[in-house]
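Asker: Pasting a predicted model and its sequence here:
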There are 2 protein chains.
Amino acid sequence: MAATLDSLPTPSLLLDQARMMRNAERMRARMAGLGVTFRPHLKTAKSVEAAKFILGTPPGPATVSTLKEAETFGAAGITDLLYAVCISPQKLDRVDRLRQSGVDLKIILDSVEAAEAVSAHGRQTGKPLPTLIEIDVDDHRSGVHWDDHAALLRIAAALADGAELRGIMCHAGESYDLHDPQSLAAASAAERTRMAAAAQCLRAAGFACPVVSVGSTPTALSAEQYDGVTEVRAGVYMFSDLVQAGIGVCGIEGIALSVLATVIGHQRDKNWIITDAGWMALSADRGTAGQAVDQYYGLVCDPDGEPYSDIVVLRANQEHGIIAARPGSNVKIPELAVGDRVRILPNHACATAAQHDCYHLLDENNQVAAIWPRFRGW
Amino acid sequence: MAATLDSLPTPSLLLDQARMMRNAERMRARMAGLGVTFRPHLKTAKSVEAAKFILGTPPGPATVSTLKEAETFGAAGITDLLYAVCISPQKLDRVDRLRQSGVDLKIILDSVEAAEAVSAHGRQTGKPLPTLIEIDVDDHRSGVHWDDHAALLRIAAALADGAELRGIMCHAGESYDLHDPQSLAAASAAERTRMAAAAQCLRAAGFACPVVSVGSTPTALSAEQYDGVTEVRAGVYMFSDLVQAGIGVCGIEGIALSVLATVIGHQRDKNWIITDAGWMALSADRGTAGQAVDQYYGLVCDPDGEPYSDIVVLRANQEHGIIAARPGSNVKIPELAVGDRVRILPNHACATAAQHDCYHLLDENNQVAAIWPRFRGW
């Protein structure tokens, strides 16, 4: 098809194929070199075509954040899946249906009460569900605290009669607040050693723990070794974004995702350019707000994807974006007329992509080589 | 059908029919009392069923924020539409197709360059497009500055040969930063008098200005009179949200929209409850962050919709929400087990609804009386 960018309506979501390929290869080579299985998180892409592009092997392994993802990717032959959000009892019947359809879906939990519900369900169906226990390695969100081995053993015991303990997993989400290689390497080392100790605790008590799964894009790109870890998960690395660039694990030139927008007006006395890409197209994610360089609602590039110096989407309403110099900068805004196009790099790839129904895949000449549908929902 | 809330998967979007009806009636009565046409903005609902419920008359009048909305609502018989985002030249062919299909779509613009493009297009097709000039009444976003009558006249002149000047419109978006009735009434008065003066300027120069269209939910709910104004637009009023409650133009008990979520875990030492509704279900909109009461990512209610005192979604990741006491409050978190349900009131109805593919319509017994599909895209 090879449509030009000029022919696209705006706002449209663009995906630079060469950059995505480089991001995927970099991570794949890194994980192979560190001797661990890599289980990409498909919540960033939410696209069967993108998933098949990213995955080396058809059935996975891969990670999902919703049962809808498990159903959609499973139906497309991506069947080795970890559902990396703690299960609620109401979702177990749907997990059963997925497994009966041939999807090898693993679930996670972090409490005795959930473990008892999963075990009771397994006794009732006669089909124990493969289950990982989530460990909290950095006080970020969910999981059994890494030091609370007594709680870990209680959960493992509660799984014994009716579930299949497959191992442990964690998400090192606090790494998103870091921005120097030493701290990131330390966070990755803490993730690894805390998980290895939890696995050792289970094994010493006689529980099986074949899988030790860790992850987050920043720690995966900062790890120096993975002794005691069997697999790593990451998602945003495949497209990358301004938050990852601010953390320091990729460069701006590695960001594969952008939003094409059209200039619809100016406020010349304020040095504002107004476009048709507001938060509906960009998302309201302000993930760089706390970083050293605040990118506001996104960094503005010319139509070829070359960033303008210090030009950001300063404000975003539903279908309006206000482009201006980054506060504190003295740069002049670019000379753009009504109808001219810009591209906007996202703060958070997962959030921006989620606002769109498809990717327009760009080849090396910035021509649209393909359209990849996205899905959403739960 | 009348399904119970218990039977819904989570996260799900809920819409309280009685509250929406009261919100719609309140605005309709208000506008009728003030003697103006009311043109609801359908960007909040993005649902044909909701639009038909809200509109008193089948063809409109109504407002849209995208051409996709115009196409979808137009195909459903809602044909008196104003596209309230400045037009870019690339979109004019699509506007023509809409008008040829029977949709009476009006467009807006705020520059001589756009006016010249629209006029040239009209001369080429022989079908002048009905066009309003956007006025900036409060330094918020787009529009010709309210005091710059010379610029207004230049744009009107540029429309003369090839377009049909239908009037002027504005969006009083700065009202979102107000929170007391006096300031809101003053903002509404400024909106009205600045628009009336702009209309008078056009008419004095011999231009027609049949339509003087103003709007924003806060000013519409605060206006004391509308002399010189012919129509008012507002969207978020139909569902309302925590931002509007913080502004003071509705109460918490008027918010018709909520997200149903399930408890998936706890961090008891941190007094956190973790649910399966993260920013993917709630949106990343933090519109109350600058208000007197910060609602973080949403205010938490019991399954019947009764708010817990000072319990908010403190943090949101993609598919995780962390529920906690509002920082500064000493309230205890509610006793909720894994599998229990909560409802979360949104900061910004437009943004939260946009994350979902349908509304679950609740009757007075909190039973699901209907499912209304939503659409999105451009």
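Answerer: Structure received. Residues are numbered from 1 along each chain as shown, chains lettered A, B, ... in the order given.

Asker: which residues of the stretch 51-200 of chain A fall in strands?
Answerer: Remark: strands assigned in the stretch 51-200 of chain A by DSSP state E, counting those that start in this stretch are A:62-64, A:80-83, A:104-109, A:129-136, A:144-145, A:163-169.

Asker: What mean pLDDT does the first one get?
Answerer: Averaging pLDDT along strand A:62-64 gives 98.

Asker: And for the longest one?
Answerer: Per-residue confidence for strand A:129-136 averages out to 98 on the pLDDT scale.

Asker: Adjacent strands (with direction) for that strand?
Answerer: Strand A:129-136 has the following strand partners under DSSP bridges: strand A:104-109 (parallel), strand A:144-145 (parallel), strand A:163-169 (parallel).

Asker: now the ones you listed in a markdown table, with mean neighbour count and mean pLDDT?
Answerer: (Glycine included, C-beta is placed from N, CA and C.) Formatted as a markdown table, these follow (neighbours: other C-beta atoms under 10 Å in any protein chain shown; pLDDT from 0 to 100):
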| stretch | mean neighbour count | mean pLDDT |
| --- | --- | --- |
| strand A:104-109 | 24 | 98 |
| strand A:144-145 | 22 | 98 |
| strand A:163-169 | 23 | 98 |
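
Asker: Including distance to B:H145, could those strands go into a markdown table?
Answerer: Below are the strands paired with strand A:129-136 laid out as a markdown table (distance: least, C-beta to C-beta, whole Å):
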| stretch | distance to B:H145 |
| --- | --- |
| strand A:104-109 | 56 |
| strand A:144-145 | 57 |
| strand A:163-169 | 56 |
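
Asker: Quick one, which of these gets closest to A:T66.
Answerer: Closest to A:T66 of those, according to C-beta to C-beta: strand A:104-109, at 11.6 Å.

Asker: Contacts for that closest one next, please.
Answerer: With contacts defined as C-beta atoms under 8 Å, 6 or more residues apart in numbering or on different chains, strand A:104-109 is touched by A:70, A:74, A:79-87, A:95, A:98-99, A:115, A:118, A:129-134, A:155, A:166, A:169, B:265.

Asker: Could you do stretch A:354-362 as well?
Answerer: By C-beta under 8 Å, 6+ apart, stretch A:354-362 touches A:5, A:8, A:12-17, A:46-47, A:50, A:260, A:280-283, A:353, A:368-374, A:376, B:280, B:354-355, B:376-377.

Asker: Around chain B, which positions in the stretch 51-200 of chain A sit nearby?
Answerer: A:65-66, A:85-91, A:94, A:109-111, A:113-114, A:117, A:136, A:139, A:141-142, A:145, A:173 (C-beta under 8 Å from any C-beta of the partner chain).

Asker: again, 10 Å this time
Answerer: Within the stretch 51-200 of chain A, the positions near chain B by C-beta under 10 Å from any C-beta of the partner chain are A:64-69, A:83-91, A:94, A:108-117, A:134, A:136, A:139-145, A:148, A:171, A:173, A:176.

Asker: Can you turn the buried part of the residues you listed into a PyMOL selection?
Answerer: Restricted to buried positions by 16 or more other C-beta atoms under 10 Å in any protein chain shown, the PyMOL selection for those reads:
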select buried, chain A and resi 64+65+66+67+68+69+83+84+85+86+87+88+89+90+91+108+109+110+111+112+113+114+115+116+117+134+136+140+141+142+143+144+145+171+173+176
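
Asker: Now go through the residues of the stretch 51-200 of chain A next to chain B and say which are in helices.
Answerer: Within those, residues falling in helices by DSSP state H are A:67-69, A:94, A:112-117.

Asker: okay, the residues you listed in JSON lines with pLDDT and distance to B:P210 next?
Answerer: Formatted as JSON lines, those follow (pLDDT from 0 to 100; distance: C-beta to C-beta, whole Å):
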{"residue": "A:L67", "pLDDT": "98", "distance to B:P210": "54"}
{"residue": "A:K68", "pLDDT": "98", "distance to B:P210": "49"}
{"residue": "A:E69", "pLDDT": "98", "distance to B:P210": "52"}
{"residue": "A:R94", "pLDDT": "98", "distance to B:P210": "56"}
{"residue": "A:V112", "pLDDT": "98", "distance to B:P210": "70"}
{"residue": "A:E113", "pLDDT": "97", "distance to B:P210": "65"}
{"residue": "A:A114", "pLDDT": "98", "distance to B:P210": "63"}
{"residue": "A:A115", "pLDDT": "98", "distance to B:P210": "69"}
{"residue": "A:E116", "pLDDT": "98", "distance to B:P210": "69"}
{"residue": "A:A117", "pLDDT": "98", "distance to B:P210": "65"}
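
Asker: which stretches of the stretch 251-378 of chain A form strands?
Answerer: For the stretch 251-378 of chain A, the strands defined by DSSP E, counting those that start in this stretch cover A:257-267, A:272-275, A:299-301, A:307-316, A:321-325, A:341-345, A:358-362, A:367-373.

Asker: Would you mind telling me which of these is nearest B:L314?
Answerer: Closest to B:L314 of those is strand A:307-316 (C-beta to C-beta; 23.3 Å).

Asker: tell me which residues in that closest one are buried?
Answerer: By neighbour count on 16+ other C-beta under 10 Å, the buried set for strand A:307-316 is A:307-308, A:310-316.

Asker: could these go into CSV alongside pLDDT and distance to chain B?
Answerer: Shown next, in CSV, are the buried residues of strand A:307-316 (pLDDT from 0 to 100; distance: C-beta to the nearest C-beta, whole Å):
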residue, pLDDT, distance to chain B
A:P307, 98, 22
A:Y308, 98, 20
A:D310, 98, 21
A:I311, 98, 18
A:V312, 98, 16
A:V313, 98, 13
A:L314, 98, 11
A:R315, 98, 8
A:A316, 98, 10
